[in-house]
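S.K.: this is a predicted model, with the sequence first.
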Amino acid sequence: MTSENHVGFDGQLDLPPAYPDRAAWGTAGRLRAWQAAALGSYFDRSPRDFLAVATPGAGKTTFALTLASELLARRVIDTITVVAPTEHLKVQWAEAASRVGIPLDPAYSPATRTGKDFVGVAVTYAGVAANPLAHRIRTERSRMLVILDEVHHAGDAMSWGEAVREAFEPARRRVCLTGTPFRSDINPIPFVIYAPGDDGIPRSVADYTYGYADALADHVVRPVLFMAYSGSMQWRTRAGDEVAASLGEPLTKDLAAQALRTALDPGGSWIPAVLEAADRRLTEVRRHVPDAGGLVIASDQESARAYAAILGRIAGEKPTVVLSDEKAASKRIAQFAGNDKRWMVAVRMVSEGVDVPRLAVGVYATTTATPLFFAQAVGRFVRARKRGETASIFLPSIANLLGFAGEMEVERDHVLGRRVRDEDDIFAAEEDLLARAQQGESASGEEELLPFEALGSEATFDRVLYDGAEFGHAGEVHVGSEEEMDFLGIPGLLEPDQVRDLLKSRQRTRVSAKEKAAPDEVIEQLATHEQVTLLRRELNGLVAAWHHRTGAPHGVIHNQLRKECGGPAAATASAAQLQQRIDQLREWATRRTG
């Protein structure tokens, strides 16, 4: 590689943060501001290990390939190994590297030699774990750069982490990439530095961090509208008892899981109604973004096929169905990325790293509910192509998912031996749930031990979550109503501030109309659940305002309020508890102003 390929990283580049516009995966011709800054940080120190944490869609691949190019040009390295979580991503990396002049062999195995045409190889974590010694021998024989993509997977199992460490410990340079570095286990991620936090618990230390809030402010990623749907569920337990509950109301863990499974049952009315609402939203988005596509993430193959059949009837077009155990899965994803079909239905494999930039509307129709999986799934929709594009994700109105949605801007580090404070701690059950999410595509074994029969379900529009705040209308909002269309009809091309202002305007307009109709009776006629809903929205709005004023993450503010006032998480707090937190936050604002 000649010196003409060198890139200058003096930290003085005057680049707009979101430059350039969306390019093919990993092949942006010039660097975004954060990429240039991260490269500058790297070459200032030239460390052996470097951890870059960047939100999904920000351009980690372009950063890593530019770094690899420069290290090759400077003759610091002479070969490259990319380790990716899946076979699909392994091929995707090889294709991206080829487009920038770095040929990688995605078909490499220890049993075969790599041809002289290749500068390196692309492998999977599972492939490394199968024969770490062979990879170590290859590493020892060259000046190697190892790129560990989504490196948190190296902590998925002790065997994987040990294999990665054994295979690549002799490497000349190592670059670790992740967009979702948080986990709750005690398996240290290889080649990641840990340092004690204020509480004495070791946390991962990133060399460069570019979070979702930064990327959103820079117009590198899209803002996300979370459309939450509640409704009534009925099912019969193994003991023969018939249970009726509203989706999202406080329930035991078993009953909450059964309520969610009832909602996602294709034989009921909830999921068809939500799919129809999502398709209406996609139609609105396509008025401004003609090739916008939608993705439904299903729990298992049977559900995926059923959802595809429902969507086919709704949209009048057969969706693309992607099942990860099929050899043609990667090809189908690539075809969908390049055409203008409306919908794709997939089982989990599209949750991480898969690049379909035109995805703009999603339906989270899976029982997998971990912070890691949720962040990876949302990452499929935030990849911006041009300014003004928005993403809309439809999800069940259950506390943990709403919590994840409300904390999109919070950055977390991998914590070793993290203390779980209470049952509302979103990290508490992550390891168990993550393991289940990776066991395949059938329903989880734990759920199979709790057989039940879904009897029926109805969907109602609950609220919109955006920028840490909640928007909606008081009372029960039926699917297909004008009140629901206030939010489904948000234009598909808007700046983040315009989205926020429009949501506030539509909520305020509807409230004003009701007050004019019965000015003296509105408050008195509110049912308890309506009061709680309005108070929760008011609290989240004030938390968002406090976040913008102080810079403190939404989750931190909520935790401070709980510490001051007591009580459970906001999703399950009573009206009195919510009002107390609202008053406390207003007192903080008054005190700060004074």
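M.R.: Done, it's in. Numbering: from 1, shown residues only.

S.K.: next, count neighbours for residue 368.
M.R.: 19 (other Cβ atoms under 10 Å). Just so you know, the C-beta spots here come from the backbone N, C-alpha and C atoms, and that holds for glycine as well.

S.K.: that one touches residue 299, doesn't it?
M.R.: Yes - contact criterion Cβ atoms under 8 Å: residue 368 and residue 299 qualify, at 6.8 Å.

S.K.: with residue 148 as the reference, measure out to the spatially most central residue of the chain.
M.R.: What sits nearest the mean C-alpha location of the chain, by Cα atoms, centre = their mean, is residue 375, with 2.2 Å. Distance of residue 375 to residue 148, given as Cβ to Cβ, to the nearest Å: 18 Å.

S.K.: which stretches of the stretch 251-400 of the chain have low pLDDT?
M.R.: By pLDDT under 70, the low-scoring segments of the stretch 251-400 of the chain are 324-327, 348-354.

S.K.: which stretches in it count as helices?
M.R.: For the stretch 251-400 of the chain, applying DSSP state H, counting those that start in this stretch gives helices covering 253-264, 270-286, 301-315, 329-338, 371-379, 399-406.

S.K.: among the ones you listed, which is nearest residue 152?
M.R.: Nearest to residue 152 among these is helix 371-379 (7.3 Å), distances taken as Cβ to Cβ.

S.K.: what packs against that closest one?
M.R.: In terms of contacts (3 or more Cβ pairs under 8 Å, 6 or more residues apart in numbering; DSSP states H and E), helix 371-379 is packed against strand 359-365, helix 399-406, helix 430-437.

S.K.: for the shortest one, the distance to its chain's centre please.
M.R.: To tie it back to what came earlier, the one meant is strand 359-365. Here strand 359-365 is found 11 Å from its chain centre; the criterion is Cα atoms, centre = their mean, to the nearest Å.

S.K.: quick one, helices of the stretch 451-594 of the chain?
M.R.: 482-488, 496-517, 528-550, 554-565, 575-593.

S.K.: need those in JSON lines (columns: distance to residue 295).
M.R.: JSON lines is the format used below for the helices of the stretch 451-594 of the chain (distance: least, Cβ to Cβ, whole Å):
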{"stretch": "helix 482-488", "distance to residue 295": "17"}
{"stretch": "helix 496-517", "distance to residue 295": "21"}
{"stretch": "helix 528-550", "distance to residue 295": "27"}
{"stretch": "helix 554-565", "distance to residue 295": "26"}
{"stretch": "helix 575-593", "distance to residue 295": "34"}
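
S.K.: residue 110: which of those is closest?
M.R.: helix 554-565 (44.2 Å).

S.K.: among the helices of the stretch 251-400 of the chain, which comes closest to residue 59?
M.R.: Of all the helices of the stretch 251-400 of the chain, helix 371-379 comes closest under Cβ to Cβ, at 12.3 Å.

S.K.: domains in this protein, by residue range?
M.R.: 3-217, 224-497, 526-593 (automatic domain parsing).

S.K.: the host helix or strand of residue 121: what's the following helix or strand?
M.R.: Here residue 121 sits within strand 120-124, counting by DSSP states H and E. Where DSSP H and E defines the elements, the next helix or strand beyond strand 120-124 is helix 125-130.

S.K.: got a list of contacts for that next one?
M.R.: Contacts of helix 125-130 with the rest of the structure, by Cβ atoms under 8 Å, 6 or more residues apart in numbering, involve 83-85, 109, 135, 153-154, 156-157, 159-160, 163-164, 167.

S.K.: could you rerun that using 10 Å?
M.R.: 81, 83-87, 90, 108-110, 121, 123-124, 134-136, 146, 148-151, 153-154, 156-157, 159-164, 166-168 (Cβ atoms under 10 Å, 6 or more residues apart in numbering).

S.K.: pull out the buried members of these.
M.R.: For the contacts of helix 125-130, a burial check counting by 16 or more other Cβ atoms under 10 Å picks out 81, 83-87, 90, 108, 110, 121, 123-124, 135-136, 146, 148-151, 153-154, 156-157, 160-161, 163-164, 166-168.

S.K.: is it true that residue 406 touches residue 226?
M.R.: Yes - Residue 406 lies in contact with residue 226 (Cβ atoms under 10 Å); the separation is 8.3 Å.

S.K.: please identify every residue contacting each of those two.
M.R.: Shared contacts of residue 406 and residue 226, counting by Cβ under 10 Å, 6+ apart, come down to 465-466, 470.
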